[in-house]
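>>> From the sequence below, what's the structure:
(2 chains)
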Amino acid sequence: MSDRVTVSKTYKLFVGGAFPRSESGRTYPVSDSRGRFLANAAQASRKDLREAVVAARGAFGKWSGATAYNRGQVLYRVAELLEGRREQFAAEVAAGEGAPSRRAQSIVDAAIDRWVWYAGWTDKLATVLGAANPVAGPYFSFSVPEPTGVVGVLAPPDSSLLGLVSVLAPVLAVGATAVVVASEDRPLPAITLAEVLATSDVPGGVVNLLTGHTAELAPWLAAHADVNALDLAGAPVEQRAELERAAAGTVTRVLRVGRGEPDWTTGPDIGRLRALVETKTVWHPMGV
Amino acid sequence: MSATTTHEFSDATRDESSLRRFLHGLPGVDAVGLEQRSAGLATRSIKKSSKRWAIDTAISMVDLTTLEGADTPGKVRSLCAKARHPAPATPRVAAVCVYPDMVATAAQEVAGTGVEVASVATAFPSGRSSLRIKIADTEYAVEAGATEIDMVIDRGAFLAGRYGQVFDEIRTIKAACGDTHLKVILETGELATYDNVRRASWLALLAGGDFIKTSTGKVSPAATLPVTNLMLQAVRDWHAATGQHRGVKPAGGIRTTKDAIRHLVAVHEVAGPDWLTPKLFRFGASSLLNDLLMQRQTQLSGHYSGPDYVTVD
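Below you'll find the model as predicted:
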């Protein structure tokens, strides 16, 4: 007989490279797919969200200024660390999504592969999305993609790991910084991912991850004037129109999504990467 | 004795030893109690219309400051433009604060707007020069059009216990200022103890400083809430004893609206509502103004603002 008392984890937010509790002190219970209690997660408030945006803005200069090659290396290392936590992720995905363990394992593998896929794009993006433009004049004109800035991400509600990776990795790959609102009902893999990011070489503040009620946080994220793009992947359907209006009020780019949650296991394309960059075109006089 | 020293304290300033006796006779500061009181006041929640009032009041109290070796006339002019008109429908700031050689530029830019021109002087920021040079520095700024002088005290002399020298220096500079407002920078970050801050505050008040100011902004820690509280106590007690109002200016390290509002709460609670005016309380700051403007936008628009919506300094 073992009379050891298990040490259970306190799930917290991930803001600016640290793991604070919500300033509101609130938590909410997280259950597994069959309704059994799993853990208490921090319930972020709008002030936590504000702090997260400040952290993301602060981290933007360094992350966007890093060379594409360096970003690729940093992201690849994250994949290495994810690999070391396969079992933990699989257990969390299995509990949260109700997937049998073999399927949970394959979801985790797909998520790691997805991360590597995006890591590979960092130094190829400028070639694919940029151009040397043929112009009728004595100029050398070229276009380069630049990261749009701070990206608000409402993570998919159902696919708690693969879906999250599919929306977060492209933000990092282009050199933008992220404020992520994790899946409300299945936030635990997201927090584990935050622990991975905290021990990787991704600078603090590049990814900020909040857990809590999506419907409460989303309007503040959409209307925040310092958020440059908003991924609606996990936005409640009935709230989407309102969020788009709020985003338009502060000139925030919006990534729309279809009605249901997409099948994240199908191969990605560069649509998300393309949506998160702005094209800068330079006209350089050539002399004669 | 100077005209500003009242009869009540004329004994204290008769000579060096009586000055020392007076300053060392001041009650000691209960450091734990002071910090606890400051932390307690900092928990006050100021929301909605009170917050909007506090933000506008704080804006009107800002001494918009640029004290860099890299200051140029162009930079000072843009600072003055921001001081005159921080944002639509906001109050103007109290003053711009520049080095003496930039005073003429600043004075020209803010003429007739009610924005004061403050200039640091007396071998700012270290205060390490001869009295002759300090007087010349002050006169240079006043002649160029400064309406307020921010002088530094000689911390070396103060810490060595030469209170009489510091006292005479402040009085001499006050005389050189004429009608120009004099703020005395104590540089509390270098004074080591709260007792010293209290003594330096009283020393500056006795010598005729119109304002006592925490810091130059070049030394860390700069303005902290406990130190500001202590200085507010000094001006409150001075007012109780003499009936004269003297001001306080925390400077350096106040960057957020939250910090500024905490200071305003302290002003109200420690000194009293009389001090909630730019005539008696100022913030020496540069980046604070942008945060105040962003918070103001947030209050008015209902959504969070960002640095893209305020000027880059």
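>>> can you tell me which residues contact residue B:68?
Residues counted as contacts of residue B:68 (C-beta atoms under 8 Å, 6 or more residues apart in numbering or on different chains): none. (Each C-beta comes from the backbone N, C-alpha and C, glycine too.)
>>> Now the phi/psi pair for it, please.
Reported as degrees, to the nearest 10, the phi and psi values for residue B:68 are phi -120, psi 150.
>>> Same check on the one 3 residues further on?
Here the main-chain torsion angles of residue B:71 (degrees, to the nearest 10) amount to phi -60, psi 140.
>>> Name the spans of the stretch 1-150 of chain B whose pLDDT lies under the cut-off.
Residues of the stretch 1-150 of chain B that meet the criterion pLDDT under 70 lie in B:1-7.
>>> Touching, residue A:240 and residue A:234? I think so.
No: using C-beta atoms under 8 Å, residue A:240 and residue A:234 do not qualify as a contacting pair, with a distance of 10.6 Å.
>>> What residue, apart from its backbone neighbours, is nearest the residue of chain B found nearest chain A spatially?
Taking C-beta to the nearest C-beta, chain A has its nearest neighbour within chain B at residue B:306, 2.6 Å off. Distance criterion C-beta to C-beta, 6 or more residues apart in numbering or on different chains; nearest residue to residue B:306, sequence neighbours excluded, is residue A:226 at 2.6 Å.
>>> count of neighbours near the one you found?
For residue A:226, the neighbour count with other C-beta atoms under 10 Å in any protein chain shown is 23.
>>> sorry, back to before: what about residue A:240 and residue A:234, which has more around it?
residue A:234 (24 against 18).
>>> Can you tell me what sits against stretch A:129-142?
Stretch A:129-142 is touched from outside by A:143-145, A:270, A:273-274, A:277, A:279, A:281-288, with contacts defined as C-beta under 8 Å, 6+ apart.
>>> among those, which one has the lowest pLDDT?
Sorting these by pLDDT puts residue A:288 at the bottom of the list (59).
>>> any idea how far residue B:280 is from residue B:90?
According to C-beta to C-beta, to the nearest Å, residue B:280 stands 21 Å off from residue B:90.
>>> In three-state terms, how would residue B:37 be classified?
Classification of residue B:37 by DSSP: H, G, I helix; E, B strand; the rest coil places it in helix.
>>> now the strands: where do they sit in chain A?
A:27-31, A:37-42, A:131-133, A:139-147, A:150-154, A:177-181, A:207-210, A:229-231, A:253-255, A:277-285 (DSSP state E).
>>> could you dump those strands to a markdown table with mean neighbour count?
What follows is the strands of chain A, written out as a markdown table (neighbours: other C-beta atoms under 10 Å in any protein chain shown):
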| stretch | mean neighbour count |
| --- | --- |
| strand A:27-31 | 16 |
| strand A:37-42 | 18 |
| strand A:131-133 | 12 |
| strand A:139-147 | 16 |
| strand A:150-154 | 29 |
| strand A:177-181 | 29 |
| strand A:207-210 | 28 |
| strand A:229-231 | 26 |
| strand A:253-255 | 18 |
| strand A:277-285 | 13 |
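>>> show me the contacts for the residue positioned nearest the centre of chain A.
Nearest to the geometric centre of chain A sits residue A:168, at 2.5 Å (C-alpha atoms, centre = their mean). Contact analysis of residue A:168 by C-beta under 8 Å, 6+ apart lists A:153, A:155, A:178, A:180, A:193, A:207.
>>> Compute the distance between it and residue A:222, please.
In this structure, residue A:168 and residue A:222 are 18 Å apart, going by C-beta to C-beta.
>>> How about residue A:256?
Shown here: residue A:256 relative to residue A:222, a distance of 13 Å by C-beta to C-beta.
>>> Comparing the two, which shows the higher neighbour count?
Neighbour totals were compared for residue A:256 and residue A:222, and residue A:222 leads with 27 against 12 (other C-beta under 10 Å).
>>> Looking at the more buried one now. What's its pLDDT?
pLDDT for residue A:222: 97.
>>> Can you verify my assumption that it contacts residue A:246?
Yes: proximity of residue A:222 to residue A:246 meets the contact threshold set by C-beta under 8 Å, at 4.1 Å.
>>> For residue B:79, find the nearest of the strands of chain A.
Distance to residue B:79, taken as C-beta to C-beta, is lowest for strand A:150-154 among the strands of chain A, at 28.1 Å.
>>> what lines up beside that closest one in the sheet?
Under the criterion DSSP bridges, strand A:150-154 sits next to strand A:177-181 (parallel), strand A:229-231 (parallel) in its sheet.
>>> among the ones you listed, which is nearest residue B:25?
That would be strand A:177-181 among the strands paired with strand A:150-154, by C-beta to C-beta, at 56.5 Å.
>>> Using PDB, write out the CA atom coordinates for the closest one.
Taking Å, rounded to 0.1, in the frame of the first residue of the first chain, the C-alpha atoms of strand A:177-181 are listed here in PDB:
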ATOM      1  CA  THR A 177       4.000  37.100 -32.100                       C
ATOM      2  CA  ALA A 178       0.900  35.500 -30.800                       C
ATOM      3  CA  VAL A 179      -1.700  35.900 -28.100                       C
ATOM      4  CA  VAL A 180      -3.600  32.600 -28.000                       C
ATOM      5  CA  VAL A 181      -6.900  31.900 -26.300                       C
END
